[in-house]
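Got a sequence here, can you model it:
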Amino acid sequence: MKKNKLYFRLFKRFIDILSSIFLIILFSPLLLITIIFIKSSSVGPVFFKQKRVTRNGQQFWMFKFRSMYTGDNDKRLRENYPDLWKKYKDAGWKLPMSEDPRITPIGKIIRATSIDEFPQLINVLKGEMSLVGPRAYREEELQEYQKKYPHTKKYIDEIRSVKPGITGLWQTSGRNDLNFEQRAQLDSKYIRNQSICNELLIILKTPFCMISRW
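Residues are numbered from 1 along each chain as shown. Prediction:
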C-alpha cells in the first residue's frame, strides 16, 4: 500500500512538471499578450500574489495574473460596499463578476476565460501546488469556514494535508454554484480516492469545462 502511494506521488509529480512546461510553452504567445494588456490598461503589477495553504498546513505565495485594481480591495469593498461585502462573505468569498467593483475590465475577460490562473503553473513547477487537487484556500478562509460549518473540520484537515490544485473534482463536476461544504465534500472525495485514472480523467475534463464557461 505504501509502495503504491509512493508510485502515485512520483507519477503525479512527473505529470505536474511535464504538463506545466508544455502548457507554458504552448500558451506563451497568449500569456505575453495578456501581460501587455494588463500593464497597459491599469496601474499596478502584472502578477498578483496571495498566501494560500499547501500540504501539512504550510503557506506559500500563489501567483495569478492581476485582475483587480491595486490597493486593499477587500478593505475598500468592506468599507464602501457593506451590502456587497456581506454577500461576498455569505457566498463563500466570491461575488458575480458583474457586481464586483474591484475587478478591472481586462480582469473580467481573463477571469471568464480562466487565463488569470495560468501563473499558478509556476507554483506547480516549484512543488507548492499540483495540477489536480483541492482548491487553494487562504488560512483565514478555512478558519472562517470551520466556525461557520463546524462539522466540516474533517474535510478541512484533509484539505490541509495535500497540495492544492489548479483544477479539481468540484471544478470539473459541472456545478459552479457550490457552497463551501459542498466543495469541501468533493475535495475530500478526491483526496480519499486518488488514483492515476482519476487524475487523468480530471485533467482531460478541465479544458471542456473551461470552454463551457465561455
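
got the residue ranges for the helices in this protein?
Taking DSSP state H, the helices of the chain run over residues 2-26, 28-41, 73-80, 82-90, 105-112, 120-126, 139-148, 153-160, 180-192, 196-213.

So which of those is nearest Q59?
Q59 lies closest to helix 139-148 among those, at 6.4 Å (CB to CB). For glycine as for every other residue, the C-beta is placed from the backbone atoms N, C-alpha and C.

Pull the residues that contact that closest one.
For helix 139-148, contacts defined as CB atoms under 8 Å, 6 or more residues apart in numbering pick out K51, V53, Q59, K89, W93, T152, K153, I156, I159, R160, F180, A184.

Including neighbour count, could the residues you listed go into a markdown table?
Shown next, in a markdown table, are these (neighbours: other CB atoms under 10 Å):
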| residue | neighbour count |
| --- | --- |
| K51 | 13 |
| V53 | 24 |
| Q59 | 12 |
| K89 | 15 |
| W93 | 15 |
| T152 | 19 |
| K153 | 13 |
| I156 | 22 |
| I159 | 25 |
| R160 | 18 |
| F180 | 23 |
| A184 | 25 |
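
follow-up on the earlier one: could the helices of the chain go into CSV alongside distance to M97?
What follows is the helices of the chain, written out as CSV (distance: least, CB to CB, whole Å):
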stretch, distance to M97
helix 2-26, 24
helix 28-41, 16
helix 73-80, 14
helix 82-90, 12
helix 105-112, 5
helix 120-126, 19
helix 139-148, 19
helix 153-160, 25
helix 180-192, 19
helix 196-213, 11
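
Dump these to JSON lines, plus mean pLDDT.
As requested, the helices of the chain are arranged in JSON lines below (pLDDT from 0 to 100):
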{"stretch": "helix 2-26", "mean pLDDT": "89"}
{"stretch": "helix 28-41", "mean pLDDT": "95"}
{"stretch": "helix 73-80", "mean pLDDT": "88"}
{"stretch": "helix 82-90", "mean pLDDT": "86"}
{"stretch": "helix 105-112", "mean pLDDT": "92"}
{"stretch": "helix 120-126", "mean pLDDT": "97"}
{"stretch": "helix 139-148", "mean pLDDT": "88"}
{"stretch": "helix 153-160", "mean pLDDT": "92"}
{"stretch": "helix 180-192", "mean pLDDT": "90"}
{"stretch": "helix 196-213", "mean pLDDT": "84"}
